[in-house]
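S.K.: attaching a predicted model along with its sequence, questions to come.
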Amino acid sequence: RTEWGPEGCEGSLCSLGDTSLIKWDVDSNVREHGSCELPKRSSPVSLRWNPHSNGNQVGVASDQHIRLHDLRTMKCTTILDNAHSQTVRDLDFNPNRQYCLVTCGDDCATKFWDTRNCTEPLLSFTNHSHWVWRVRYNLRDQLLLTGGSDSKVVLLNVPSLASETLACEDQEEETKEKMREGVLEEYDKHEDSVYSVAWSTVDPWLFASLSNDGRLVLNKVSKEIKFNIIL
């Protein structure tokens, strides 16, 4: 698996192999900048840059654990031991809030963490009936997408951990119910495992999902949900 660097570090690339993590400089000539060996008998499956670290940190999902690596020293600085009871499939960093991380895995769970205190998740949801392969934050960080082997794409709402907490005091009860924490919408346009989900970089309400049978589906967050968030 490979991952391009975040904004400001577009000339960097990280690659994840069975036994090593490698950082590459690709500005002019492709050259290895640094590497580190991963723990023996581990099975790394996913890699994600931290957008708040000036391009100096990546997270690696391996077995039931998450490891955060400092790319300046190529050493592991933080470990979320047994983040999930089964294999961790993916992770993502909150684009607006430092230290906030989300993970998903084969235990059907999606978990939110504060990387300064990794003993317990901040929140945990079980919204899939099978493995959760992918999780992605929206730039409006109260919204997230998950995709799983149950052929579902789930739109999650987590205002309590967002950078801009949704003000509910003056909203009608009906609106409060629609914007409750947890699942806002489930999309069932796939007939096979959903292995990838992604938000548009142009339209924050547009997203895509890709399933094992090669079907690519485009969807938009409903106007009702959109207006409840922005108004």
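M.R.: Here it is on my side, so go on. Note that the structure is predicted; figures quoted are calculated from it, not measured. Residues are numbered from 1 along each chain as shown.
S.K.: mind giving me the packing neighbours of the helix ranked longest in the chain?
M.R.: Longest helix in the chain by number of residues (criterion: DSSP state H): helix 223-230. Secondary-structure packing of helix 223-230 (3 or more CB pairs under 8 Å, 6 or more residues apart in numbering; DSSP states H and E): helix 173-178. Heads up, the C-betas are built off the backbone N, CA and C, glycines and all.
S.K.: C-terminal to the helix it packs on, what's the next element?
M.R.: strand 182-187 (DSSP states H and E).
S.K.: need the contact partners of the helix or strand that comes right after that next one.
M.R.: Next helix or strand after strand 182-187 toward the C-terminus (DSSP H and E): strand 194-199. Residues from elsewhere that reach strand 194-199 (CB atoms under 8 Å, 6 or more residues apart in numbering): 133-139, 145-149, 151-153, 206-212.
S.K.: go again using 7 Å as the cut-off
M.R.: 133-134, 136, 138, 145, 147-148, 151-153, 207-212 (CB atoms under 7 Å, 6 or more residues apart in numbering).
S.K.: which strands border that strand, and is each parallel or antiparallel?
M.R.: Here strand 194-199 has these sheet partners by DSSP bridges: strand 206-211 (antiparallel).
S.K.: the inter-axis angle of the partner strand versus strand 182-187?
M.R.: 70 degrees (axes from the mean of the first three to the mean of the last three CA atoms, to 10 degrees).
S.K.: any idea which element the residue minimising distance to the centre of the chain lies in?
M.R.: For the chain, the residue sitting closest to the mean C-alpha position, by CA atoms, centre = their mean, is residue 92 at 2.7 Å. Per DSSP H and E: residue 92 is located in strand 88-93.
S.K.: keeping just the C-alphas, turn the following helix or strand past that strand into PDB.
M.R.: With elements assigned by DSSP H and E, the helix or strand that comes after strand 88-93 is strand 100-105. Presented in PDB, the C-alpha positions along strand 100-105 are these (Å, rounded to 0.1, in the frame of the first residue of the first chain):
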ATOM      1  CA  CYS A 100      -8.300  12.600  17.100                       C
ATOM      2  CA  LEU A 101      -8.100   9.200  15.200                       C
ATOM      3  CA  VAL A 102     -10.800   6.800  14.000                       C
ATOM      4  CA  THR A 103     -10.300   3.100  13.300                       C
ATOM      5  CA  CYS A 104     -12.400   0.200  12.000                       C
ATOM      6  CA  GLY A 105     -12.000  -3.600  11.800                       C
END
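S.K.: average model confidence for strand 100-105?
M.R.: Strand 100-105 carries an average pLDDT of 97.
S.K.: and that strand, how far from the chain's centre?
M.R.: 6 Å (CA atoms, centre = their mean, to the nearest Å).
S.K.: give the pairing partners of it; include direction for each.
M.R.: Sheet pairing for strand 100-105, using DSSP bridges, gives strand 88-93 (antiparallel), strand 110-114 (antiparallel).
S.K.: gap between the shortest one and the chain center?
M.R.: The one in question is strand 110-114. That offset, for strand 110-114, works out to 10 Å (CA atoms, centre = their mean).
S.K.: thanks a lot, catch you later.
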